[in-house]
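1. no FASTA, just this:
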């Protein structure tokens, strides 16, 4: 995101649904378990693990998008940003796994997500999680909001101060 885009964007911090009570306990279990096999595989096989598992994550993203689309369509609010379904799906998955961030609504066709809290950022081999998340997200978001492009720009696992990804629609 450019400095000009950041300055003019409307900023929204995550409202973590998993911060307290039973949802927090569920989140703690998910955070400590879901990534372990992929981290292990990534450390064992390196980049070859990303290549081997990516088709599975793309399929998971596509099926999840197909399943969530009617739900997100039913709960859509009047005047909601056209990319909001992609952000709801992202926040749900990320907050469940302990990842917290904020969204920058740049314009009607572009939103930038910036993550500042990730329990995996310092884990050996964590970049596999970024890669697989991007692959699943690309498929998920194209189902939820056809025409959406999703691209991870930078990640903490690759040494940056934050993660940043762009959601964009080119169909105006």
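-> Nice, I can see it. None of the values given here were measured: they were computed from a predicted structure.

2. so where's this structure uncertain?
-> Within the chain, the stretches with pLDDT under 70 are 171-172.

3. host element of the residue of it positioned farthest from its centre?
-> The centre of the chain is farthest from one residue, residue 44, which by C-alpha atoms, centre = their mean lies 24.7 Å away. Using DSSP states H and E, residue 44 maps to helix 36-45.

4. Moving C-terminal from the helix or strand hosting residue 4, which element do we reach first?
-> If you go by DSSP H and E, residue 4 is part of helix 3-8. Next helix or strand after helix 3-8 toward the C-terminus (DSSP H and E): strand 10-13.

5. Would you mind stating the distance between the residue lying closest to residue 157 once chain neighbours are set aside and residue 158?
-> Residue nearest to residue 157 in three dimensions, not counting chain neighbours: residue 126, with 3.8 Å by C-beta to C-beta, 6 or more residues apart in numbering. The C-beta positions use only the backbone N, C-alpha and C, and glycine is treated the same way. For residue 126, the distance to residue 158 equals 9 Å [C-beta to C-beta, to the nearest Å].

6. Same check on residue 143?
-> Residue 143 is 27 Å from residue 158, by C-beta to C-beta.

7. In terms of packing, which of those two has more residues around it?
-> The residue with more neighbours, out of residue 143 and residue 158, is residue 143; 20 against 12, by other C-beta atoms under 10 Å.

8. That one contacts residue 65, correct?
-> Yes. Using C-beta atoms under 8 Å, residue 143 is in contact with residue 65, at 2.7 Å.

9. quick one: contacts for the closest residue to residue 10 other than its chain neighbours?
-> Nearest non-adjacent residue to residue 10, counting by C-beta to C-beta, 6+ apart: residue 105, 4.3 Å away. Residues near residue 105 by C-beta atoms under 8 Å, 6 or more residues apart in numbering: 9, 10, 11, 12, 81, 111.

10. how about 10 Å then?
-> By C-beta atoms under 10 Å, 6 or more residues apart in numbering, residue 105 lies in contact with 8, 9, 10, 11, 12, 81, 83, 84, 87, 111, 112.

11. buried sites along the host helix or strand of it?
-> Using DSSP H and E, residue 105 falls within strand 100-107. Using 16 or more other C-beta atoms under 10 Å as the test for burial, strand 100-107 gives 100, 101, 103, 104, 105, 106.
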